[in-house]
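Asks: Just need the structure, nothing else, for what follows:
(one chain, ligands or ions: 2)
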Amino acid sequence: MYQSPRRLCSALLQRDAPGLCRPPGPRPRRRSPPPATAPRPASPRLLAAASAARGVARCCSRTVYSMGNGTSRLYSALAKTLNSSAASQHPEYLVAPDPEHLEPIDPKELLEECRAVLHTRPPRFQRDFVDLRADCPSSHHPPIRVMQWNILAQALGEGKDNFVQCPIEALKWEERKCLILEEILAYQPDILCLQEVDHYFDTFHPLLSRLGYQGTFFPKPWSPCLDVEHNNGPDGCALFFLQNRFKLVNSANIRLTAMTLKTNQVAIAQTLECKESSRQFCIAVTHLKARTGWERFRSAQGCDLLQNLQNITQGAKIPLIVCGDFNAEPTEEVYKHFASSSLNLNSAYKLLSADGQSEPPYTTWKIRTSGECRHTLDYIWYSKHALSVCSALDLLTEEQIGPNRLPSFNYPSDHLSLVCDFSFNEEP
Ligand SMILES: NC(=O)C1=CN([C@@H]2O[C@H](COP(=O)(O)OP(=O)(O)OC[C@H]3O[C@@H](n4cnc5c(N)ncnc54)[C@H](OP(=O)(O)O)[C@@H]3O)[C@@H](O)[C@H]2O)C=CC1
Ligand SMILES: [Mg+2]
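Replies: Ligands and ions are numbered 1, 2, ... in the order given. Reported below is the predicted structural model:
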């Protein structure tokens, strides 16, 4: 059975993350409920980031982003050229930050800007870390904090997902992006694994690189976002890590296959070296095919990903963390493949249950025209012999989520973020 936290510690005050400042003092509460309209203060930092991003996305002009398959596919091809095959061989060439983004941002300032934009919204949900240090060896190196999150593509949220109980105003990008950034800044992950990213070039890459992250984006080849009017390009997976903590050793962008056929789903796998301990590990992010009826397809995609990860980790010699929206409940075949793989993986969020054997009751909860959809689909897998989970961010309660479920005025995605602190076990 899923259990409430064993020992709680404040999410915001729990630790120092290198390169990021701790938010100051008690959190200001926002007014609740939100008035229908209110003046929004201009946000110079966010505007500046968007303007700087035009430098990164010079090749992706309005014309290229516009509706219509020809131009959309051209964008997709360009994005792939920039981020796919060459990235595997020359990561330093493709991920080198554009000099105009190097001016660092103080995360506290950015957080304040986000809060100013969000001042009419209800307060952010409080979530606490569950201390799992009993399972965690003592180490003089700081833990590695990993965040897994399907952030909900803007184009899908507004154009395809049919969240019938979510008011369209709650999905406004200018505010929703601040809720996403606020969540990232609140937990200060060292590594950030995202799915459904359709604002990489204009938002996440420019801002997160100025916060000290190195980012990689791999769009889906035929992103459903491209079918939505006024889309912002394809959605895909993005992986960010803090440059002051890790050095990139190797990077692979993987288009997943199913029964030898190329599919529309992707993964990014990177080998990183910890600057403090010189220990290497592999981090991967993926988003498997959605919907019922596609269970065997997902299973095949999972097998392909596991095979790729076998090769990248040299047969499980390099410790591994795999984050993803697997679009599969724990009863599905793809989950069983991961749980029984020779890569020796465990699912971190099981450790929140009393017996350590049960996944949480949900990681996504929404209401579509078809009714309520409450599922456990998102996971953080890790090499159980090489790594331990020191703490994990508890999920939102049903009461916090509320009767209209997600997304909402206080939470930007239909999926919850998962956050874990890992430490290396002693080497044998
Ligand atoms: N032109 C072409 O030749 C081709 C075009 N395509 C395009 O790709 C699309 C399919 O892409 P694919 O990657 O397989 O998509 P998926 O089936 O994996 O789903 C795409 C997105 O839809 C969301 N989703 C899941 N369930 C529902 C639902 N019931 N209602 C609305 N949205 C849902 C998923 O979110 P979550 O993961 O959060 O559940 C996911 O992000 C097609 O719609 C088409 O537009 C695809 C192939 C070829
Ligand atoms: Mg989705």
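
Asks: what about Ser138, neighbour count?
Replies: By other Cβ atoms under 10 Å, the residues close to Ser138 number 7. The C-beta positions use only the backbone N, C-alpha and C, and glycine is treated the same way.

Asks: Next one, pLDDT for it please.
Replies: Ser138 is assigned a pLDDT of 80 by the prediction.

Asks: do the same with Ile105
Replies: 95.

Asks: For it, what is the enclosing helix or strand?
Replies: Ile105 belongs to no helix or strand when assigned by DSSP states H and E.

Asks: What number of residues are in the vicinity of the residue nearest to it when sequence neighbours are not counted?
Replies: Nearest non-adjacent residue to Ile105, counting by Cβ to Cβ, 6 or more residues apart in numbering: Arg210, 4.4 Å away. Applying other Cβ under 10 Å, we find 22 residues neighbouring Arg210.

Asks: thought Arg210 was touching Glu103?
Replies: Yes: using Cβ atoms under 8 Å, Arg210 makes contact with Glu103 at a distance of 6.3 Å.

Asks: Verify the stated contact: Leu110 with Leu208.
Replies: No: judged on Cβ under 8 Å, Leu110 makes no contact with Leu208 at a distance of 10.1 Å.

Asks: Relative to ligand 1, how far out is the residue nearest to Ile105?
Replies: According to Cβ to the nearest ligand atom, to the nearest Å, Arg210 stands 28 Å off from ligand 1.

Asks: Phi first, then psi, for that residue.
Replies: Taking degrees, to the nearest 10, you get phi -80, psi -10 for the backbone angles of Arg210.

Asks: try the one 4 residues further on
Replies: Dihedral angles of Gln214 (phi, psi; degrees, to the nearest 10) stand at phi -110, psi 130.

Asks: now the one 5 residues further on
Replies: Backbone torsions for Pro219, taken as degrees, to the nearest 10, come to phi -70, psi 150.

Asks: Any residues of the stretch 1-150 of the chain in contact with ligand 1? List them.
Replies: Asn150 (Cβ under 6 Å from any ligand atom).

Asks: OK, contacts around the closest residue to ligand 1 within the stretch 1-150 of the chain?
Replies: Taking Cβ to the nearest ligand atom as the measure, the point where the stretch 1-150 of the chain comes nearest ligand 1 is Asn150, at 5.3 Å. Contact analysis of Asn150 by Cβ atoms under 8 Å, 6 or more residues apart in numbering lists 194-196, 287, 325, 364, 378, 413-415.

Asks: Swap in 7 Å and give it another go.
Replies: Asn150 makes contacts with 195-196, 287, 325, 378, 413, 415, as judged by Cβ atoms under 7 Å, 6 or more residues apart in numbering.

Asks: Check which helix or strand the residue sitting nearest the centre point of the chain maps to.
Replies: For the chain, Leu194 is the residue whose C-alpha lies nearest the centre (Cα atoms, centre = their mean; 2.4 Å). Element membership of Leu194 [criterion: DSSP H and E] is strand 191-197.

Asks: Next, Leu351: phi, psi?
Replies: phi -70, psi -10.

Asks: Equivalent analysis for Thr364, please.
Replies: Per-residue torsions, Thr364: phi -140, psi 140 (degrees, to the nearest 10).

Asks: nearest residue to it other than its sequence neighbours?
Replies: Distance criterion Cβ to Cβ, 6+ apart; nearest residue to Thr364, sequence neighbours excluded, is His415 at 4.5 Å.
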